[in-house]
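Undergrad: Test case, fold it:
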Amino acid sequence: MELRHLRYFKVVAETLNFTRAAELLHIAQPPLSRQISQLEEQLDTLLIHRERPLRLTEAGRFFYEQTCTLLEQLDSISQNTRRIGRGHKQWLGIGFAPSTLYAVLPELIRELRQDAELELGLSEMTTLEQVDALKKGRIDIAFGRLRIEDPAILQVTLLEDPLVAALPHGHALAGEPVNLAQLAKEPFILYPSNPRPSYADHVLALFAHHGMSLKVNQWANELQTAIGLVAAGVGIALVPSSVQQQHRTDIDYVKLADTSAVSPIILSRRAGDNSPLITRCLDFLGQLRQRPHGARR
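TA: This next block holds a predicted model:
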């Protein structure tokens, strides 16, 4: 399937007339008809009832809606690419681990989106994926929770997010702060299951440092899944305290007695990248860190 197939089909679907569509596309009618037939063969689905008047099949109506959306996105990408290439617009790629969306990152995004000349590319990815994307130039800055030893990557810790225990509502440990020894007796839900190392290894290392191991009852791929499994009573989880912004009635969050149990939010960037955009982000985040917590938006 080629881009021309989508463009041709869109015009045919809008005119419901091969002759008129051919005129608008500046091609002959027979080749246009063959192109649409090729498209149907590739999809193995009839898109147009060829009768008078022409009408779209149900699959054709669905394909038309999706084609319009795709072509609009492609047009927007093309326009922004031209603006960036001509120096009329800048682009900044940001990679982020999902749990960092509960802390400083949303404020940075809000700040940057006020700039009409700046296009943001947001990509959800693990810390290891962020490192690879930074090296290959797919993103420019990243927010994760793991420290990485790599000379090509510079990291700065933005804040130390205290860990809290996520418990099913009504759990026996809900209420007063709990210690790690109490939690180690409970079945655990760890995330992510891969790739490793990951936040899961951070949690395992925390208990191992105190000579304790965990009974992992379930692995999850992401934070939201882990929280859902906690609510279902499958086990408990350790999560960053910023996650408590999710106000769920089926989850009880409990502070840890061990105040050293934290999960850092770490900004990563390419070593040597001191571009104005990166400097702008670093300056804003530096100002944000100096604000009293209650003053943050």
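
Undergrad: Of all the helices and strands in this protein, which has the lowest average confidence?
TA: When each helix and strand of the chain is scored by mean pLDDT, DSSP states H and E, helix 58-85 comes last, with a mean of 82.

Undergrad: Would you mark the buried spots in it?
TA: By 16 or more other Cβ atoms under 10 Å, the buried positions in helix 58-85 come out as 60, 63, 64, 67. C-beta: built from backbone N, CA, C; applies to glycine.

Undergrad: Check stretch 193-210 too.
TA: Buried, per 16+ other Cβ under 10 Å, within stretch 193-210: 198, 199, 200, 202, 203, 204, 206, 207.

Undergrad: and these as CSV, adding pLDDT, distance to residue 104 and secondary structure?
TA: Below are the buried residues of stretch 193-210 laid out as CSV (pLDDT from 0 to 100; distance: Cβ to Cβ, whole Å; DSSP: H, G, I helix; E, B strand; the rest coil):
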residue, pLDDT, distance to residue 104, secondary structure
198, 83, 21, coil
199, 89, 17, helix
200, 91, 23, helix
202, 90, 19, helix
203, 93, 22, helix
204, 94, 26, helix
206, 93, 23, helix
207, 95, 27, helix
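
Undergrad: Return the two entries of those that lie farthest from one another.
TA: 198 and 207 (15.3 Å; Cβ to Cβ).

Undergrad: Now flag whichever of the buried residues of stretch 193-210 is closest to residue 162.
TA: residue 206 (12.2 Å).

Undergrad: per-residue confidence for the closest residue to that closest one other than its chain neighbours?
TA: Nearest residue to residue 206, sequence neighbours excluded (Cβ to Cβ, 6 or more residues apart in numbering): residue 261, at 5.8 Å. Predicted confidence (pLDDT) for residue 261: 92.

Undergrad: do the same with residue 112
TA: 94.

Undergrad: Quick check on it: phi, psi?
TA: Dihedral pair for residue 112: phi -70, psi -30, per degrees, to the nearest 10.

Undergrad: What residues sit buried inside stretch 111-121?
TA: 111, 112, 119.

Undergrad: ok, now stretch 36-45?
TA: 36, 39, 40.

Undergrad: what's the answer for stretch 225-241, then?
TA: Quick answer for stretch 225-241 (16+ other Cβ under 10 Å): 225-231, 234-241.
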